[in-house]
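3D model of this:
(4 chains)
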4 protein chains.
Amino acid sequence: MEKIKIGIVGLGKLGWKHAENIAHKIPHAELIAACSATEEKIEKAKKELGITYGYTNYEKMVQNPEIDAIAIISPSKYHYEHIELALKNGKHIFCEKPLALTLEECEKIEKLVKEYPHLYFMLGFMRRFDESYAYAKQKIDEGLIGKPFMIRCYGLDPIDLVDVAIPFAKTSGGLYLDMMIHDIDLARWYLQSEGKTAYALGGCYVRDEFAQYNDIDNGVALIEFDNGSIGMFYAGRTCAHGYHIETEIIGTKGSLRIGTTPDKNMTSIFNENGVVKECCSSFLERFEQAYFNEVNYFINCLIHKERPSVKVSDGVLSTKIAYACQKSLDEKSIITI
Amino acid sequence: MEKIKIGIVGLGKLGWKHAENIAHKIPHAELIAACSATEEKIEKAKKELGITYGYTNYEKMVQNPEIDAIAIISPSKYHYEHIELALKNGKHIFCEKPLALTLEECEKIEKLVKEYPHLYFMLGFMRRFDESYAYAKQKIDEGLIGKPFMIRCYGLDPIDLVDVAIPFAKTSGGLYLDMMIHDIDLARWYLQSEGKTAYALGGCYVRDEFAQYNDIDNGVALIEFDNGSIGMFYAGRTCAHGYHIETEIIGTKGSLRIGTTPDKNMTSIFNENGVVKECCSSFLERFEQAYFNEVNYFINCLIHKERPSVKVSDGVLSTKIAYACQKSLDEKSIITI
Amino acid sequence: MEKIKIGIVGLGKLGWKHAENIAHKIPHAELIAACSATEEKIEKAKKELGITYGYTNYEKMVQNPEIDAIAIISPSKYHYEHIELALKNGKHIFCEKPLALTLEECEKIEKLVKEYPHLYFMLGFMRRFDESYAYAKQKIDEGLIGKPFMIRCYGLDPIDLVDVAIPFAKTSGGLYLDMMIHDIDLARWYLQSEGKTAYALGGCYVRDEFAQYNDIDNGVALIEFDNGSIGMFYAGRTCAHGYHIETEIIGTKGSLRIGTTPDKNMTSIFNENGVVKECCSSFLERFEQAYFNEVNYFINCLIHKERPSVKVSDGVLSTKIAYACQKSLDEKSIITI
Amino acid sequence: MEKIKIGIVGLGKLGWKHAENIAHKIPHAELIAACSATEEKIEKAKKELGITYGYTNYEKMVQNPEIDAIAIISPSKYHYEHIELALKNGKHIFCEKPLALTLEECEKIEKLVKEYPHLYFMLGFMRRFDESYAYAKQKIDEGLIGKPFMIRCYGLDPIDLVDVAIPFAKTSGGLYLDMMIHDIDLARWYLQSEGKTAYALGGCYVRDEFAQYNDIDNGVALIEFDNGSIGMFYAGRTCAHGYHIETEIIGTKGSLRIGTTPDKNMTSIFNENGVVKECCSSFLERFEQAYFNEVNYFINCLIHKERPSVKVSDGVLSTKIAYACQKSLDEKSIITI
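Numbers count the residues shown, from 1 in each chain, chains lettered A, B, ... in the order given. Below is the predicted model of the structure:
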């Protein structure tokens, strides 16, 4: 059976999950190499994931001629460099979102990717590969809700992680670029339209520390799309009940909601509090299967020589909207995208 | 506007609720008299409900020629006597369930009522008048779920009230007669069939004190009906999350559930516990509207001279089934009804 | 028992519901008079509601010295005139929302009401009196969700009524003033703050006919409040599943949702479509109890000589925000309120 | 990395799913052989799953010395024979439920397995490995609901599959043995007790064809357990809304429900029907992850030399209860187990 040989860069929490999936679960993929700044992680990958090659130097990994494709799960600030080196060395690329930390870098990456048309590039907007989101897309395409004209997206991180989020805010690009971008991509996907204007409001309602990095802990945006449809977005870092990703698409004949409550599983507790549904606590818990599905899809694209549906332009266009939101917040005005 | 003049006996919690409804809210009824062993309650009824006549002697009330109908909300042990006196004095009767505490008394009441065919008698199985239960009945009659062949009924009292329930168990007739009878009536109503055999299991799982009165704190019954349909019943006195009345009717083409969760209201709480729906805490909270509806319906029957749909025989036949359950539990055998 | 004597003006669908409540269900109220342009309705009110006085001339009704208070359920364009005449004749006033059709009229009414400080005036923002909304308010005041900093409000009319809504759009004041004002009042109530800026988007997505009256069929608004909190509002006239009123209040320690699904009742249908919860079809179905509660509260205020909590200023301030939304939509800019 | 070498017998729908999991997804397992009566399936397995050895003769497969363990997913009537041959050839065994089609065979298998104490045997009661069921077990063990004293189990196959189920009824062992046995195992697991008495009712309510095989389309059972706890069971083959597996465990301090509605995914549809949750359509859809988990667990047991928790006795004891239910139905009496 044909197998695509993968080298992965970045063995953090999400990187390791991807590495495990590639090593053990994706039929047509083989994880042969991993790159990390941490020697221990490479040793662990050799032992537990059976990789042949371990690197602390990324450039050396991409020069390995056995590798077909690179999975980039490194910190966002290295994305541009890692993409460039992979392309130059003839590797296909799966890259986790965000594409990059600035719009300029995103656009430079887009230009770069275009220069290597024979190489496949896929951006990891994993929600599109979640079974519920994919199902909603299919139903909308079948006309179940008529023509969609409005979308509401919630993306809320659990309060438990806020202490981790604060120092990360220094380099994350801010709430809109770091968090809301997933929802912006979903909105573009479901509404089949690009952003026209953006207006944003937000603040530090729970933790003032975000302000020192010109960031906020909760923010909203109202985005007008080219085709006249509307997006309402809310991203927050202080959600009491867990990791809450909720999306509603409203059409002329009905509407769909995905994830109205972020149920942990199918168990309900009936006790002195009432009827309680416990909630997902993290993105890995909520989107575990989607992370598998997106890379499995990428591998199948390589096998069948079909260009992946999530393109570099999706990253660029979503970033443009997120930037406009941030700018709107900063300037207290409506921004034309 | 024509008004039916009512005398009420029993001003406990439920009696007072009925009295308020009759006095203030039921258009075609007028509460002119009340009887209670407690003088204070009569004074309160005069002041707050505007009654003209107060009695501590029930016989005197039923002799008042101005009264058209008696609402009997007195303790169950007095039902037989109160019904008999009302009938003898030519009064229509609305009587709260249970009809009586023993099957013998029930049957005596049935005989009595038949002797006064010109007087209307209605038994207060209020659940039939709850908007959800009535809606389910209507949908079933319209064929929504095909032919019903199974019913599951839960009737659970909140653990908060168990300390009140224990002494009451002395005279209540037991869990099947006191609690499950409501569900048995619902089953007969929805399945349109009478009980054939009964098998019951139960015990004191939480509070041993019930055993001293040959009662249990949680019990189930499996009842076969004449038309081959099946009823599964669960009654309990130790429900942690509140007052939980749930009914499921299963038919050849679908099923209906009523009250899957006993939501207190339309508010959901999202907090560190997860997503929480608080629950109803009592039968008055859950069935407030149904208690109004049943008496309002009774009054309208009197106005329009239509015989009430909940008959004395509903009480007798439901009681027979409840008795069979209790007997099954006692004898550890299947009882033919 | 003391009773407040009421005259009602307006016997449309909602007016009749109020009339029935006052006549039959509110203990301390007595409906003695009604005014309507339609003689038949007055005759019906005499027969079914037992009123003593029927009027086709409003001025004559307010001159009736027996009447303590006027319930104004007339078309909004008459509110100013009806309020003025009631005040001049020394009557307390319960007035259905909206206060008036223009901000100028609202402000004139506010001025008028202030000139009669001994007369009580209450505006009918009935949602505050819905048991779920009131419960949420109580929980928030108790600190359950910490400090609220965001609210999301949906107010959606069923598509079934859109053909009625189109001609009504000619004089309704538009989607923001006619529909969203309820949600704006709720936001002010829950957030305890007044509007600072408004930004709105919307359009005719389903029915172009609204455009001829400069109205829209679906619209949103993002409102910044004085205390920095945020409101996201969505009002629509084309909801496929029914009458959908949903509110979410997000605080520093948790959030509350009211009416996430507009359940018709407690019945769920399990059939070939899946698990189906049918929905409320109209505001009278959803808020029947709230309409009773608000007038009952008003009557109790009169009895106990306590000034009602929903003031004329609530109407004026909510209208100001709604106006700013409409202006924002018209001018495509952020409006400072 | 150490890998357990597996040979699988049975490549039907479920067999193929297991084969895929073993071949592609279970880190410590390697699918090296498959046995099927159908040559095409073996060819397919060679091509898609990369097996080295293909067999149409089971005895030959178990003689392959490279194989460490056999996965038995063959028709139930062959289980006894397949288990015996595997044991005799020194193979560990993972066997799908049911253990066998008659109690006698089950007991013979139990005896056999005991004769090979150095070989590991695991029965595939996959629900114990579903994340929600496992979570409920953990919470119960932590004391969340106090001491469990009652369980309610629903196991309903979709009406869509009833035409397939009818001919299968000829050899399936009947509704209790074929379907309810999963729930009986769950009850034993959660209640930590064995069956004492059984009483069952049922019939052909939708499809009379089951009667020709002395089977029914819908049946219930009330089971008393040794420790006094109670089980209510309902199995059906005509569920309109899909594949519905629901379990409720009631304890002295609260209760848990798993799968109250068999949601297909996290999408809700809001349309003219109301709010609709689509449902799971098959056991593979509902328990896909559980089927992976159970075999993954078995492999880990082999790796770590820990005896699997689901034992051959679980199959025997659950079968005993199912048999008693069938007998109760046949004899219309309470059966002591």
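
only C-alpha atoms for contact and neighbour calcs from this point on.
OK.

ok, now how distant is the nearest residue to A:Leu112 once chain neighbours are set aside from chain C?
Computed as C-alpha to C-alpha, 6 or more residues apart in numbering or on different chains, the closest residue to A:Leu112 that is not its neighbour in sequence is A:Glu84, at 7.1 Å. Computed as C-alpha to the nearest C-alpha, to the nearest Å, the A:Glu84 to chain C distance reads 41 Å.

Now A:Glu84: which helix or strand?
helix A:79-88 (DSSP states H and E).

got it, and A:Ala324?
With DSSP H and E as criterion, A:Ala324 is part of helix A:312-331.

ok, back up a step: how many neighbouring residues does the residue nearest to A:Leu112 have?
15 (other C-alpha atoms under 10 Å in any protein chain shown).

before we move on, what about A:Lys60?
12.

Check the one 10 residues further on too.
Summarising burial for A:Ile70: neighbours were counted as other C-alpha under 10 Å, giving 27.

Close to chain D: what parts of the stretch 101-250 of chain A are there?
Residues of the stretch 101-250 of chain A lying near chain D by C-alpha under 8 Å from any C-alpha of the partner chain: A:Glu131, A:Ser132, A:Tyr133, A:Tyr135, A:Ala136, A:Ile145.

and the helix or strand of chain A with the lowest mean pLDDT, how far out from the chain's middle?
Here the helix or strand of chain A ranked lowest by mean pLDDT, DSSP states H and E is helix A:162-172, holding a mean of 93. Here helix A:162-172 shows a centroid-to-chain-centroid distance of 17 Å under the convention C-alpha atoms, centre = their mean, to the nearest Å.

coming back round to it: what helices and strands are in contact with the helix or strand following the helix holding A:Glu84?
Toward the C-terminal end, the helix or strand that comes next after helix A:79-88 (DSSP H and E) is strand A:92-96. When contacts are defined as 3 or more C-alpha pairs under 8 Å, 6 or more residues apart in numbering or on different chains; DSSP states H and E, strand A:92-96 sits against strand A:69-72, helix A:79-88, strand A:121-124.

Please flag which of the residues of the stretch 101-250 of chain A next to chain D sit within helices.
A:Glu131, A:Ser132, A:Tyr133, A:Tyr135, A:Ala136 (DSSP state H).

Most neighbours of all those, which one?
Going by other C-alpha under 10 Å, A:Ala136 tops these with 27 neighbours.

list the contacts for that residue?
By C-alpha atoms under 8 Å, 6 or more residues apart in numbering or on different chains, the residues touching A:Ala136 are A:Leu256, A:Ile258, D:Thr267.

Can you show me the helices along chain A?
Using DSSP H, helices in chain A cover A:13-20, A:39-44, A:58-63, A:79-88, A:103-115, A:131-141, A:162-172, A:175, A:181-191, A:283-304, A:312-331.

one step back: A:Lys97: which of the residues of the stretch 101-250 of chain A next to chain D is nearest?
A:Tyr133 (17.4 Å; C-alpha to C-alpha).

Give the closest residue to that closest one in space, chain neighbours not counted.
A:Arg127 (6.5 Å).

can you check A:Arg128 too?
A:Ala134 is the one closest to A:Arg128 (C-alpha to C-alpha, 6+ apart), at 5.8 Å.

what's the spacing between the one you found and A:Ile230?
21 Å (C-alpha to C-alpha, to the nearest Å).

Comparing the two, which residue is more hemmed in?
A:Ile230 (27 against 15).

For that one, list the residues it contacts.
A:Phe149, A:Met150, A:Ile151, A:Leu222, A:Ile223, A:Glu224, C:Leu201, C:Gly202.

cutoff 10 Å now
Residues near A:Ile230 by C-alpha atoms under 10 Å, 6 or more residues apart in numbering or on different chains: A:148-152, A:187, A:191, A:195-197, A:222-224, A:250, C:201-203, C:219-220.

The least confident helix or strand of chain A packs against which elements?
strand A:230-239 (3 or more C-alpha pairs under 10 Å, 6 or more residues apart in numbering or on different chains; DSSP states H and E).

What pairs with the strand it packs on, parallel or antiparallel?
If you go by DSSP bridges, strand A:230-239 pairs up with strand A:148-158 (parallel), strand A:218-225 (antiparallel).

and the angle for it with helix A:181-191?
Inter-element angle recorded for strand A:230-239 and helix A:181-191: 150 degrees (by axes from the mean of the first three to the mean of the last three C-alpha atoms, to 10 degrees).

CA atoms of strand A:230-239 as CSV?
C-alpha atoms of strand A:230-239 as CSV (Å, rounded to 0.1, in the frame of the first residue of the first chain):
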residue,chain,number,x,y,z
ILE,A,230,-23.8,39.3,8.0
GLY,A,231,-21.5,37.7,10.5
MET,A,232,-21.7,38.1,14.3
PHE,A,233,-18.6,36.9,16.1
TYR,A,234,-17.7,36.5,19.7
ALA,A,235,-14.4,35.3,21.0
GLY,A,236,-13.5,35.0,24.6
ARG,A,237,-10.8,33.7,26.9
THR,A,238,-12.8,33.4,30.1
CYS,A,239,-15.5,30.9,29.6
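
Against C:Thr252, how distant is A:Gly174?
20 Å.

that older thread, can you say which of the strands paired with strand A:230-239 is packed in most?
strand A:218-225 (a mean of 25; mean count of other C-alpha atoms under 10 Å in any protein chain shown).

quick one: contacts of stretch A:158-166?
A:157, A:168, A:172, A:206-213, A:215-217, A:236-244, A:280-283, B:272, C:252-254.

repeat that for 6 Å
For stretch A:158-166, the external contacting residues (C-alpha atoms under 6 Å, 6 or more residues apart in numbering or on different chains) are A:Phe210, A:Thr238, A:Cys239, A:Ala240, A:Gly242, A:Tyr243.

now swap in stretch A:66-80 and tell me
Residues contacting stretch A:66-80 (C-alpha under 6 Å, 6+ apart): A:5-10, A:15, A:91-96, A:100.

How far off centre is that stretch?
Taking mean C-alpha positions (C-alpha atoms, centre = their mean), stretch A:66-80 and its chain are 14 Å apart.

distance between the ends of that stretch?
Start-to-end, stretch A:66-80 (C-alpha to C-alpha) is 23 Å.

Show me what counts as buried in it.
Neighbour counts using 16 or more other C-alpha atoms under 10 Å in any protein chain shown place A:67-77, A:79-80 of stretch A:66-80 among the buried residues.

Specify which member of those is nearest to C:Glu331.
Of all these, C:Glu331 sits closest to A:Ser76, with 39.8 Å by C-alpha to C-alpha.

nearest residue to A:Glu105 other than its sequence neighbours?
In space, A:Glu105 is closest to A:Tyr80, 6.7 Å off (C-alpha to C-alpha, 6+ apart).

Residue most distant from the centroid, chain A?
Distance from the C-alpha centroid of chain A peaks at A:Glu272, with 38.4 Å (C-alpha atoms, centre = their mean).

what's that one in contact with, if anything?
A:Glu272 neighbours (C-alpha under 6 Å, 6+ apart): B:Ala240, B:His241.

do the same with the one 4 residues further on
Shown here is A:Val276, whose contacts under the criterion C-alpha under 6 Å, 6+ apart are A:Ser268, A:Ile269, B:Val275, B:Val276.

what do you get for A:Val275?
By C-alpha under 6 Å, 6+ apart, the neighbours of A:Val275 are A:Ile269, B:Val276, B:Lys277.

again with A:His244
Counting by C-alpha under 6 Å, 6+ apart, A:His244 has contacts A:Leu156, A:Pro262.

same thing with A:Tyr234?
A:Tyr234 makes contact with A:Tyr154, A:Gly219, A:Val220 under the criterion C-alpha under 6 Å, 6+ apart.

Looking at those, which one is closest to chain B?
A:Tyr154 (14.2 Å; C-alpha to the nearest C-alpha).

May I ask you to confirm that the closest one is in contact with A:Ile245?
Yes. Using C-alpha atoms under 6 Å, A:Tyr154 is in contact with A:Ile245, at 5.5 Å.

Thank you, goodbye.
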